[in-house]
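> no FASTA, just this:
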């Protein structure tokens, strides 16, 4: 079992009001699953994604990632877990503007203390896997939106994480480029990677093998499609 979530809640206090963004979720995700998390605005999907990504901690409940309970870890411990276990792909790419594609991809390895030669080798390897060998020395402003997202995907993969979390990864792309990026995610899944993707677009969710719908911070439905 790669992910196990039990009774997880996230409550925000706004003045004297308490808002339950995640209202008690139980969920298990196996290795090599390809999962979409869907739901209307305010359903809790972004909050839940932050909890899965160890960017936030639950107000209640337990979360095990790769056999380790991460619900009550310190910020430093969570940062180490994020760097080692999780690859993130964001809608806005989140690339450093002055760094080349290769330097952006190397970032998680720098945080992980990997030697420079090994960093370069692994960055070249993942850039090749996303079809960007010839763009390694280009900066983000010299790349198309689709190429920037490929760099972001390569960066997510370079640490060989247990899970890739993608938050609306085609949200800033035109439909043709979005299809190309989803084809790349298909390849990544077929290579044995676990992917959890937040999306509000039905046609994007159709690429995945399991669709979990949230409503009011709870799981409304959980359907395996492949």
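Sure thing, it's come through. Everything numeric in this text was worked out from a predicted model, so none of it was measured. Numbering: from 1, shown residues only.
> state which helix of this protein is the longest.
For the chain, the helix with the greatest residue count under DSSP state H is helix 175-190.
> residue farthest from the centroid of this structure?
residue 16 (32.9 Å; CA atoms, centre = their mean).
> distance check, that one against residue 157.
Residue 16 is 45 Å from residue 157, where distance means CB to CB, to the nearest Å. Any C-beta I mention is one placed from the backbone N, CA and C, and that applies to glycine too.
> element containing the residue nearest in space to the middle of the chain, please.
Nearest to the geometric centre of the chain sits residue 165, at 1.4 Å (CA atoms, centre = their mean). Element membership of residue 165 [criterion: DSSP states H and E] is strand 163-167.
> how many neighbours does residue 122 have?
Counted with other CB atoms under 10 Å, the neighbours of residue 122 add up to 20.
> any idea how far residue 177 is from the residue nearest to residue 131 when sequence neighbours are not counted?
Spatially, and ignoring its direct neighbours in sequence, residue 131 is nearest to residue 150 (6.7 Å; CB to CB, 6 or more residues apart in numbering). For residue 150, the distance to residue 177 equals 10 Å [CB to CB].
> more neighbours: those two, which one.
Remark: of residue 150 and residue 177, residue 150 carries more neighbours, 25 against 17, as counted by other CB under 10 Å.
> contacts for the host helix or strand of that one, please.
Per DSSP H and E: residue 150 is located in helix 145-157. Residues outside helix 145-157 that contact it (CB atoms under 8 Å, 6 or more residues apart in numbering): 87-90, 93-95, 101, 104-105, 107-108, 123, 126-127, 129-132, 135, 138, 140, 143, 164, 166, 169-170, 172-174, 177, 180-181, 184-185, 188, 193.
> rewinding a little: show me what the helix or strand just after the longest helix of the chain is packed up against.
Using DSSP H and E, the helix or strand that follows helix 175-190 in sequence is strand 194-198. In terms of contacts (3 or more CB pairs under 8 Å, 6 or more residues apart in numbering; DSSP states H and E), strand 194-198 is packed against strand 34-38, helix 45-52, strand 163-167, helix 175-190.
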